[in-house]
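Peer 1: Sequence and predicted model, in that order:
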Amino acid sequence: MKVLVVDYGSQYTQLIARVVRELGYYSQVVQYDEQVDLEDVQAVILSGGPASVYEEDAPKLPDWFEKYEGKVLGICYGMQLVAHSLGGKVEPGEKAEYGRTTIRLIEDDPIFFGVEKETTVWMSHGDHVKVLPKGFKVLAKSTDEIIAAATDGKRYWLLQFHPEVRHTLRGREILHNFLSKICNLKPNWNLEDFVSKKIEELRETLAGKKVIAALSGGVDSSVACVLTHKAIGENLLNVFVDHGFLRKGEENEVPKVFKEMLGLNLVKINARKRFLEKLRGVSDPERKRKIIGEEFIRVFEKQAQQHGATHLVQGTIYSDVIESAKSGKKTAAIKSHHNVGGLPERMNLQIVEPLRNLFKDEVRLVGEILGIPRQILYRHPFPGPGLAVRILGEVTEEKLEILKEADRIFIETLKETGWYEKVWQAFCVLLPVRSVGVRGDKRAYDYVLALRAVDSTEGMTADWSKIPHEVLDLAARRILNSVKGIGRVVYDISSKPPATIEWE
């Protein structure tokens with residue numbers, strides 16, 4: 001049994017699927033123009049999106065939609081699309097509704113079971129349904145008298161607001177009501193079952209095979225490697241490449257945790273000089289990423305050949321799969337991603353992706369079930385090229401040492417003050433500019449360091465973290481007093497979009 005979430009380009013699509021899973025139902029995201037096997041589909045949710053349904057090239061209902069006979073929940077654009085397709089009228093509003101809005105319930109309906117007559121929801125739309133199709137009734141209206149919810153009482157339930165967003169105070173209850181009371185579904189998604197079934201599946205698929213994995217120490221690769229190790233043991237070779245751009249102490253911490261504590265078959269490759277030499281004189285961020293990616297493949301390829309590997313484990317997660325599906329549309333490449341993506345074709349390796357159906361928060365929970373230490377599971381995301389893309393301009397050994405120490409102090413300060421696990425990601429960026437200062441009554445001319453911390457769920461959008469001034473002050477003073485070479489510290493208050501989380 002699964003709940004199908006049809007993606008029309010909303011920034012909240014993945015959030016819909018994640019909340020559905022948190023409620024205990026297995027969800028799958030598909031693109032609106034994707035062919036779908038309807039077997040086991042018990043409910044369909046149509047997401048929001050940026051288009052207007054009355055435009056000529058607006059996304060339509062899926063080709064398979066007429067064959068599907070179950071219940072449908074339309075959210076925002078999904079509501080407008082259903083109404084428009086069935087003969088209703090959608091038009092631009094006199095003013096758009098963005099942010100928190102109060103709606104009042106007009107009719108009783110199972111979807112609002114347990115919800116107050118007036119409740120706060122999150123709106124994000126310019127268009128709205130002006131006239132409902134025949135057979136539909138209004139369930140709720142906003143303070144601007146816009147139709148906020150409607151149904152035909154048989155197949156369709158339509159919401160102009162976003163129940164998946166936490167700002168909709170009773171959003172989870174509304175989604176739960178749709179799935180349990182309207183679709184009559186029973187919870188069927190549980191990660192303990194997933195772990196035991198996946199281990200058996202990997203054991204059968206990889207029996208007698210030589211398997212290799214690139215272990216970075218990040219959450220996704222760590223959980224993928226440990227899960228595969230539980231299935232095939234020593235037949236999995238985990239390769240940890242120290243390219244010199246890791247966080248301070250990480251080159252020793254990662255092998256210790258995975259080899260000594262968790263018993264993985266692991267080989268550590270010290271390639272620091274090799275990578276640093278390749279980056280000499282290079283300041284363009286795209287060239288840095290590509291050089292590191294190509295060099296990583298060369299190092300990894302040698303180990304794979306020595307091991308006689310036929311299969312490659314990758315820490316692909318469900319958000320990667322969804323974004324790859326979206327990339328078939330017209331999208332611009334913001335930055336290239338360093339990974340081992342070129343290896344499968346180059347070495348004729350078969351891919352093993354044990355986590356490809358899990359979201360990041362589910363991956364962490366699987367890691368807990370597998371006994372991976374918390375300091376690994378809840379560490380912040382870290383780019384594949386590491387500190388090389390947090391040093392703007394040319395990477396040198398001196399700059400690396402400065403940044404490693406500053407980053408260590410910032411992260412330790414966040415941990416001491418209880419802020420590390422409150423933010424999605426925090427790090428330092430060494431800027432390619434110097435600033436005048438005073439040290440011991442003498443003029444100093446040192447680097448500028450930027451502190452960066454953001455709040456996010458999957459990293460696709462992010463807000464800068466509102467860390468208290470006293471915490472930032474403590475971190476800045478410690479860095480300025482302890483790290484030779486830094487003369488000024490600033491805090492980045494840019495959100496994504498328009499900025500990206502990383503500076504390069």
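Peer 2: It's in.
Peer 1: Got the domain ranges for this structure?
Peer 2: Residue ranges of the domains in the chain are recorded as 2-182, 191-378, 396-491, according to the TED database.
Peer 1: What average pLDDT does the last one get?
Peer 2: The pLDDT scores in domain 396-491 average 94.
Peer 1: any idea which of the domains of the chain scores lowest on pLDDT?
Peer 2: The weakest mean pLDDT among the domains of the chain belongs to domain 191-378, with a mean of 86.
Peer 1: So what's the gap between that domain and the chain middle?
Peer 2: Distance, stretch centre to chain centre, for domain 191-378: 16 Å (CA atoms, centre = their mean, to the nearest Å).
Peer 1: Kindly reformat the domains of the chain as a markdown table containing mean neighbour count and distance to Pro385.
Peer 2: In short, each C-beta sits where N, CA and C put it, glycine included. Below are the domains of the chain laid out as a markdown table (neighbours: other CB atoms under 10 Å; distance: least, CB to CB, whole Å):
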| stretch | mean neighbour count | distance to Pro385 |
| --- | --- | --- |
| domain 2-182 | 19 | 25 |
| domain 191-378 | 17 | 4 |
| domain 396-491 | 17 | 12 |
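Peer 1: which one of those domains lies closest to Glu504?
Peer 2: domain 191-378 (3.6 Å; CB to CB).
Peer 1: Quick check on the closest residue to Leu312 other than its chain neighbours: phi, psi?
Peer 2: Among residues not flanking Leu312 along the chain, Leu349 sits closest, at 4.2 Å (CB to CB, 6 or more residues apart in numbering). Leu349 adopts backbone torsions of phi -90, psi 140, taken as degrees, to the nearest 10.
Peer 1: Please report how far Leu349 lies from Val321.
Peer 2: Distance, Leu349 to Val321, using CB to CB, to the nearest Å: 19 Å.
Peer 1: Surely Glu405 is in contact with Ser482?
Peer 2: Yes. Glu405 is within contact range of Ser482, at 7.1 Å (criterion: CB atoms under 8 Å).
Peer 1: For Gly244, give me its contacts.
Peer 2: Ala271, Arg272, Lys273, Phe275, Leu276, Leu400 (CB atoms under 8 Å, 6 or more residues apart in numbering).
Peer 1: Swap in 10 Å and give it another go.
Peer 2: Residues near Gly244 by CB atoms under 10 Å, 6 or more residues apart in numbering: 251, 270-276, 279, 386-388, 395, 397, 400, 404.
Peer 1: likewise Val352?
Peer 2: Contacts for Val352 (CB under 10 Å, 6+ apart) come out as 202, 205-206, 209, 211-213, 224, 228, 231-232, 236, 311-314, 316.
Peer 1: Identify the bridge partners of it.
Peer 2: Beta-bridge partners for Val352, by DSSP bridges, are Val313.
Peer 1: and the domains of the chain as TSV, adding distance to Trp503?
Peer 2: Shown next, in TSV, are these (distance: least, CB to CB, whole Å):
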stretch	distance to Trp503
domain 2-182	22
domain 191-378	8
domain 396-491	5
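Peer 1: so which of these comes closest to Thr500?
Peer 2: Nearest to Thr500, of all the domains of the chain, is domain 191-378, at 6.3 Å by CB to CB.
Peer 1: nearest residue to Gln350 other than its sequence neighbours?
Peer 2: Gln350's closest residue in space is His311 (CB to CB, 6+ apart), at 4.9 Å.
Peer 1: Could you report the distance from Leu431 to Ile317?
Peer 2: Where Ile317 is concerned, Leu431 sits at a distance of 32 Å (CB to CB).
Peer 1: wait, is Phe296 part of a strand?
Peer 2: No. In this structure, Phe296 is helix, not part of a strand, as judged by DSSP: H, G, I helix; E, B strand; the rest coil.
Peer 1: Next, find the distance separating it from Gly24.
Peer 2: Distance of Phe296 to Gly24, given as CB to CB: 40 Å.
Peer 1: Kindly report the same for Glu173.
Peer 2: For Glu173, the distance to Gly24 equals 14 Å [CB to CB].
Peer 1: residue contacts, Ala406?
Peer 2: Applying CB under 10 Å, 6+ apart to Ala406 gives the contacts 248, 427-430, 447, 449, 451, 475, 478-480, 482-483, 485-486, 489.
Peer 1: sec struct for the residue nearest to Glu353 when sequence neighbours are not counted, please.
Peer 2: Nearest residue to Glu353 in three dimensions, chain neighbours excluded: Thr316, at 4.4 Å (CB to CB, 6+ apart). Secondary structure assignment for Thr316 (three-state DSSP): coil.
Peer 1: same thing with Ala231?
Peer 2: Three-state call for Ala231 (three-state DSSP): helix.
Peer 1: Would you map the helices across this protein?
Peer 2: Assigned by DSSP state H, the helices in the chain fall at 13-22, 77-85, 171-177, 191-205, 219-232, 250-255, 272-278, 285-307, 318-326, 343-347, 360-370, 374-377, 397-416, 469-482.
Peer 1: pull the CA atoms of the fourth one into CSV?
Peer 2: Right, the one you point to is helix 191-205. Extracted C-alpha coordinates of helix 191-205, given in CSV (Å, rounded to 0.1, in the frame of the first residue of the first chain):
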residue,chain,number,x,y,z
LEU,A,191,11.7,1.5,9.9
GLU,A,192,12.5,-1.5,12.1
ASP,A,193,10.8,-3.7,9.4
PHE,A,194,12.6,-1.8,6.7
VAL,A,195,16.0,-2.5,8.3
SER,A,196,15.4,-6.3,8.7
LYS,A,197,14.0,-6.7,5.2
LYS,A,198,16.7,-4.6,3.6
ILE,A,199,19.5,-6.6,5.3
GLU,A,200,17.9,-9.9,4.0
GLU,A,201,17.5,-8.3,0.5
LEU,A,202,21.2,-7.2,0.4
ARG,A,203,22.3,-10.6,1.7
GLU,A,204,20.5,-12.4,-1.2
THR,A,205,21.5,-9.8,-3.9
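Peer 1: Enumerate residues external to it that contact any of its residues.
Peer 2: The contact list for helix 191-205, computed with CB under 10 Å, 6+ apart, reads 21, 26, 211, 227-233, 236, 311, 313, 350, 352, 354-355, 357-358, 362-363, 365-366, 368-370.
Peer 1: quick check: angle from it to helix 13-22?
Peer 2: Relative orientation of helix 191-205 versus helix 13-22 (axes from the mean of the first three to the mean of the last three CA atoms, to 10 degrees): 100 degrees.
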